[in-house]
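Q: Sharing a model prediction with you, sequence too.
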Amino acid sequence: MLDTRAILLAAATVTGLTAPVEAEALTPYPVSLALDPDLLLQLPSEHLTPAPQAEPVFEPRARVTNRRANLQCVPFARRESGVELYGDASTWWQQASGRYQTANTPSEGAVLVMHGYANDNRGHVAVIKDLISPRIMVVDHANWLNGGEITRDVPIMDVSEAGDWSEVRVWNVPGRHWGGRTYRVQGFILSARVEADDAEGSARLAQQQATDNSPTG
């Protein structure tokens, strides 16, 4: 059962109010604290735990599954999603144009593209595993903790004022609380391709494969 402090921290985080970065763990908590209950997705999710109260309880299961994977986010996202893009994560959104379908809202299996969180040359990509609600999703990704590790079932929350997934916060796995930093989102790359000239696409793919050695992401 959550105490009053945890409830207020959860509500403050979602509404954009200032909250301590080293906040106490907010696990588990009713999804209704973060969202209008009427907007909850009517989909089964392994991350939503039945509870005696009316609203389901979301219990983050984020964990590092392989600390020695020595992977950057790009090869991991490519392998997990089937999106055949190469090169630095900060270039993925531009690369996807005309090659893959894209969206402004998340969907299961799509690639989340974040950009510019440290500087304009930094980027990160992650694969969406599950949608918990219109403003919370769960992703798998690599190298988020800068150790080449693989981390799975990581919650990400939409904290944009417009509710349009343009800004997010990421669950802090070691601390088991919502991270205090806000990240910008460029969009979501779907695995469905856009038809293009085969020769041009093959040449571009070969060039990108040759440069797929970036240390970022």
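A: All right, it came through fine. Note that the structure is predicted; figures quoted are calculated from it, not measured. Numbering: from 1, shown residues only.
Q: Find the nearest non-adjacent residue to residue 111, please.
A: Using Cβ to Cβ, 6 or more residues apart in numbering and skipping residues adjacent in sequence, the residue nearest residue 111 is residue 189, 4.2 Å away. All C-beta atoms are positioned from the backbone trio N, CA, C, and that covers glycine.
Q: Run through who's touching the helix or strand harbouring the one you found.
A: In the assignment (DSSP states H and E), residue 189 maps to strand 183-193. For strand 183-193, contacts defined as Cβ atoms under 8 Å, 6 or more residues apart in numbering pick out 81-83, 85, 92-93, 96, 99-107, 109-117, 124, 128, 165-170.
Q: Kindly report the same for stretch 161-176.
A: The contact list for stretch 161-176 (Cβ under 8 Å, 6+ apart) reads 13, 16, 22, 25, 27, 60, 62-64, 104-106, 114, 134-135, 144-145, 151, 154-160, 177-185, 188.
Q: And residue 82, its phi and psi?
A: With angles defined as degrees, to the nearest 10, residue 82 sits at phi 80, psi 0.
Q: Next, work out how far apart it and residue 169 are.
A: Distance, residue 82 to residue 169, by Cβ to Cβ, to the nearest Å: 27 Å.
Q: Quick check: residue 116 touching residue 89?
A: No - using Cβ atoms under 8 Å, residue 116 is not in contact with residue 89, being 11.2 Å away.
Q: more crowded one of the two?
A: Each of residue 116 and residue 89 has its neighbours counted (other Cβ atoms under 10 Å); residue 89 has more, 24 against 13.
Q: Need the overlap of contacts for residue 116 and residue 89.
A: Common neighbours of residue 116 and residue 89, counting by Cβ under 8 Å, 6+ apart, are residue 123.
Q: what are the ranges of the helices in the chain?
A: 4-15, 73-81, 92-96, 198-210 (DSSP state H).
Q: Any stretches of the chain with poor pLDDT?
A: Within the chain, the ranges that satisfy pLDDT under 70 run 1-45, 47-55, 117-118, 196-217.
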